[in-house]
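K.L.:
3D, please:
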Amino acid sequence: MADGQGAKGDGKALGWALFFLRFALAGLFLAHGLQKLIDLRAGIGMDDASQLILGLGARNEATLRWVVGGIEFFGGSLLLVGLFSRMATVPLLGYVGFLLYLIVRQRGDFFLRAGAARAGEHYLILLACLFAILLVGPGRLSLDRQLFKK
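P.N.:
Residues are numbered from 1 along each chain as shown. As a prediction, the model looks like this:
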């Protein structure tokens, strides 16, 4: 059942499902990574998640921008093509899990309430999707599968 192969007949569907899951995650992480890597003076550099980390007292915004943006951009790029997919999920899981921890620490829960600036619900969904790729693999439609056939 690993790498998108299940019982006879469902391997193709699972392969496509993992492809679409990877594609959606990659789009999200690439967009947010690019947002951080683009010049802050353009007004679109830091997103809400990075502001949350800066609220902890991080002193160097530029370093934070490059580290977090790099994790998101390169992790998203690897997920998009399905190359080293399982390894790419590890730093992304750490980053998203840390953000969820910060939200719970700050607010006491992760649910969206009226007037709340942040909610952790979407981070839970991201964690679940990343764990799925970590545990099952990238599926048939990936460079991992083509280059490292098992």
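K.L.:
Per-residue pLDDT of residue 20, please?
P.N.:
Residue 20 is assigned 94 on the pLDDT scale.
K.L.:
do the same with the one 3 residues further on
P.N.:
The confidence metric pLDDT takes the value 94 at residue 23.
K.L.:
Residue 32: neighbour count?
P.N.:
20 (other Cβ atoms under 10 Å). C-beta coordinates here come from the backbone N, C-alpha and C atoms, glycine included.
K.L.:
these two touch, right, residue 104 and residue 124?
P.N.:
No - using Cβ atoms under 8 Å, residue 104 is not in contact with residue 124, being 10.5 Å away.
K.L.:
gap between residue 73 and residue 149?
P.N.:
28 Å (Cβ to Cβ, to the nearest Å).
K.L.:
Comparing these two, which residue is more hemmed in?
P.N.:
Between residue 73 and residue 149, counted using other Cβ under 10 Å, residue 73 has the larger neighbour count: 20 against 7.
K.L.:
For residue 147, give its distance to residue 68.
P.N.:
29 Å.
K.L.:
So for the two, which sits in the more crowded spot?
P.N.:
Neighbour totals were compared for residue 147 and residue 68, and residue 68 leads with 22 against 10 (other Cβ under 10 Å).
K.L.:
what's downstream of the helix or strand containing the more buried one, the next helix or strand?
P.N.:
Using DSSP states H and E, residue 68 falls within helix 61-81. Heading C-terminal from helix 61-81, the first helix or strand you meet, by DSSP H and E, is helix 85-107.
K.L.:
mind listing what's buried in that next one?
P.N.:
85, 88-89, 92-93, 95-96, 99-100, 102-103 (16 or more other Cβ atoms under 10 Å).
K.L.:
relative to helix 61-81, how tilted is the longest helix that the chain contains?
P.N.:
Secondary structure assigned by DSSP state H gives helix 11-37 as the longest helix of the chain. Per axes from the mean of the first three to the mean of the last three Cα atoms, to 10 degrees, the angle that helix 11-37 makes with helix 61-81 is 160 degrees.
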